[in-house]
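J.: Okay, predicted coordinates and the sequence, questions at the end:
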Amino acid sequence: MDPSTLVENLSHVGVIYKKRLKRLGIKNVQDLLYHFPYRYEDFSNVKKIAEARAGEQCSLQGKILEIESSRTWKKKMSLTTALVGDESGALRIVWFNQPYLIKMIKQGDFLSLSGKILQGKDGIYLPNPSFEKMYQGEENSLTHTARIISVYPETENLSSRWLRYVIKSILSEIKNSVKDPLPEEIRKEYGFLGISKALQQIHFPDSLELAKKAKERFSFENLFFLELAVLRYRMRLSSLKAPQLSIRLEYIQKFTKSLPFKLTDSQKKTAWQILKDLEKPRPMNRLLQGDVGSGKTVVAAIAVLNAIKNGYQAVLMAPTEVLVKQHFNTIWKLLNNFKLDVGLLTGKEDKFFSKKLKTDSIEISRKKLLEKAKDGKIDFLIGTHALIQGGGKRSPGVKFKNLALAVVDEQHRFGVEQRAKLLADDSSGTPHLLSMTATPIPRTLALTVYGDLDLSLITELPKGRKKIITEIVLPEEREKTYRFVKKEVKKGRQVFVLCPRIELSQREDIPEEEKLQGWAEVKAVKQEYEKLSKEVFPEFNVGMMHGKLPFKEKERIMKDFSNPVSKRRKIDILVSTSVIEVGIDVPNATVMMIEGADRFGLAQLHQFRGRVGRSEYQSYCFLFSDSPSRKTELRLKALVDCESGFKLAEKDLEIRGPGDFIGIRQSGIADLAMKSLGDVALIEKTRKAAKEIIEKDPGLKNHPDLKAKADAFQKRIHLE
């Protein structure tokens, strides 16, 4: 057996348990050993039976004097009752609804039992204890009782008891063959336990203090490898060549003068940071962060124009067809005076626009559009992430003749491999990358998960924007809010209504396959649409949008809702799923109503709120919630009181944790490291250690075990 041994090759696992383990992401021995407890039960308080007291959590050890099974007629419940005794006395033990125990436990067996003593009408007793049989000479090798017990993340039909049993057998067999991935100099410097002792103490601790020391070691280890991955990725980027783009000041000045507004100081600063990066011979890897409506697209347009005027091509990718179309309309207007050839590629509707040929718009086949990109006849291509997918005969991937800049909206991980997909076979150099996001990233995550990216922050909104009035709406205030919304619509304003995420496990009316396909949210939107259009706002035009609609239908709905000419506008109130979270721009919309606001994170609610307040009109955000919890109240109040997305992001991280915050539950980063992503001191410690190793040994040639572990870690996590 070694760490790479597959779980199905272990005794006691087999096909059934293999499937259950897979649900927890466990495929081999290494995964099992690193499936750490999330809490501990302290059953180390071993007492004589005569010393046991009601309300006390403890362990007792004795002989089964009597045992019987019966049923209660009132509650139709099975009871297994035993009398256990030691030299000091005897105590009644009761197990509920576990009739099979009568076959497992016999009179005369010696048991170790752990649980909480309760007071009953007939005296004290021990209900539903953990137990295990004791054999002579094995009193000190107990697994589930009379010690500090590990409680693990579980799944259906896979208990902590079973996990303890299997992990214990593995540890006894493998403890001397596990190589310590942390270099000795780091272990000594920080006083960490060695790998064998740390594994033993995290799963079967001799004391809570030793369990804590083991957790500290593994928290450090996981973050250390994350930092190492980030630094190695940075080093890899710095070794690649990229096109050096000089700053074409005459075009940039012409562009800024053509704008109907003045750039903010933040926009000027971030644009300059990007332009200076583009001058360098190594690929830029920069994340442009800014609140909704802060003007990131204008900054990106400056970078795109500069790349094109250096004789290169640029590409912009966004996550949805609706957002791609909006980006196209915005950037096309911004760059309209610069004689560019621009392509729009969504897979549903492909177009080519040429100012050089004086062609406003021609429908074009995907094949011809891709040929133009590969031949260098398109300066700027805008599309969905379908741009980097495909590559087969039916759906060929896009290639460019001389691509210099890739812009990715709403920061989906996009690394060297993805950039390589966009290059033609004879192309030299790696494109520069500019990622954009309206989700502010807290400092700790910026240092770790996004540590390979240089950050540019737009910290101010354009002048003239009014503060969005945000209110929590209690159930009894709903009608009053509806009356206010009616007044806004009668003034000519428009309204977004956002439907909550569905708790799928609580909805038995939705078939399993529909849950998987995302139809649950669609059902919720349809129900809300029916209610609002027929009962609440029958006098207004109510529209509905969700991710399952065909592209043309979504486009028509957005056109009907966002048309700047009021006579052509066909929708007053738009009911939608979170498909409108990213990028939709409707300046005339002044009300955002969020149903089930407690089901969203603060950073996401802040993005929803940013869909309104994009013009001179006063705007409002109403948060509807039926959750009575104090935690919900505190979270939503934070949104009411705080305008800054950056402050809210820190609060969101604190409340919900990093995995939920940035959707990296499936990133391959261990839960223990996830929890540590809010610990600035630990992050700085791991960053320092990783940096020192890389500076002394860039290729990790002198640390072969560390290199092997780092390579395996890099394959597992999804930073690209």
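T.: Nice, I can see it.

J.: Check the gap between residue 638 and residue 461 for me.
T.: Per C-beta to C-beta, to the nearest Å, residue 638 is found 19 Å from residue 461. For glycine as for every other residue, the C-beta is placed from the backbone atoms N, C-alpha and C.

J.: for the stretch 101-250 of the chain, which spans come out with low pLDDT?
T.: Where the stretch 101-250 of the chain drops to pLDDT under 70, the residues are 137-140.

J.: Which parts of it are strands?
T.: With DSSP state E, counting those that start in this stretch, the ranges of strands along the stretch 101-250 of the chain come out as 110-116, 118-120, 123-127, 130-133, 148-151.

J.: I'd like those written out as a markdown table, with mean neighbour count and distance to residue 494 added.
T.: Putting those into a markdown table (neighbours: other C-beta atoms under 10 Å; distance: least, C-beta to C-beta, whole Å) gives the following:
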| stretch | mean neighbour count | distance to residue 494 |
| --- | --- | --- |
| strand 110-116 | 20 | 58 |
| strand 118-120 | 12 | 61 |
| strand 123-127 | 16 | 60 |
| strand 130-133 | 18 | 60 |
| strand 148-151 | 20 | 51 |
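
J.: Turn those into JSON lines, columns for distance to residue 194.
T.: Below are those laid out as JSON lines (distance: least, C-beta to C-beta, whole Å):
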{"stretch": "strand 110-116", "distance to residue 194": "30"}
{"stretch": "strand 118-120", "distance to residue 194": "42"}
{"stretch": "strand 123-127", "distance to residue 194": "38"}
{"stretch": "strand 130-133", "distance to residue 194": "29"}
{"stretch": "strand 148-151", "distance to residue 194": "20"}
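
J.: Those: which one's closest to residue 608?
T.: strand 148-151 (36.8 Å; C-beta to C-beta).

J.: Run through the neighbouring helices and strands of that closest one.
T.: Counting by 3 or more C-beta pairs under 8 Å, 6 or more residues apart in numbering; DSSP states H and E, the packing neighbours recorded for strand 148-151 are strand 39-42, helix 160-174.

J.: most packed of the ones you listed?
T.: Stretch with highest mean neighbour count among the helices and strands packed on strand 148-151: helix 160-174 (a mean of 17; mean count of other C-beta atoms under 10 Å).

J.: residues in contact with it?
T.: Applying C-beta atoms under 8 Å, 6 or more residues apart in numbering, the contact partners of helix 160-174 are 1-3, 10-13, 17, 29, 32-33, 35, 37, 130, 143-144, 149-152, 154, 199-200, 203-204.

J.: Show me the helices in the stretch 101-250 of the chain, by range?
T.: When secondary structure is read from DSSP state H, counting those that start in this stretch, the stretch 101-250 of the chain shows helices at 101-104, 160-174, 184-190, 195-203, 208-238, 249-258.

J.: right, so of these, which gets closest to residue 346?
T.: When the helices of the stretch 101-250 of the chain are ranked by distance to residue 346, counting by C-beta to C-beta, first place goes to helix 249-258 at 26.2 Å.

J.: Confirm that residue 456 sits in a strand.
T.: Yes. Counting by DSSP: H, G, I helix; E, B strand; the rest coil, one finds residue 456 located in a strand.

J.: what's the pLDDT at it?
T.: Note for residue 456: predicted pLDDT of 89.

J.: likewise residue 363?
T.: 73.

J.: That one contacts residue 350, doesn't it?
T.: Yes. If you go by C-beta atoms under 8 Å, residue 363 and residue 350 touch, sitting 7.4 Å apart.

J.: of the two, who's got more company?
T.: Ranked by neighbour count (other C-beta atoms under 10 Å), residue 363 and residue 350 place residue 350 first, with 18 against 8.

J.: residue contacts, that one?
T.: Residue 350 is in contact with 343, 344, 363, 364, 365, 366, 369, counting by C-beta under 8 Å, 6+ apart.

J.: How many residues are close by residue 86?
T.: Other residues near residue 86 come to 16 when the count uses other C-beta under 10 Å.

J.: okay, now the closest residue in space to it that isn't next to it in sequence: neighbour count?
T.: For residue 86, the nearest residue in space outside its immediate sequence neighbours is residue 62; the separation is 4.0 Å by C-beta to C-beta, 6 or more residues apart in numbering. Residue 62 is surrounded by 23 other residues when neighbours are defined as other C-beta under 10 Å.

J.: Same question for residue 283.
T.: Counted with other C-beta under 10 Å, residues neighbouring residue 283 total 25.

J.: in terms of contact, does it touch residue 434 like I think?
T.: No. Judged on C-beta under 8 Å, residue 283 makes no contact with residue 434 at a distance of 10.8 Å.

J.: Residue 50 falls within a helix, correct?
T.: Yes. Residue 50 sits within a helix when classified using three-state DSSP.
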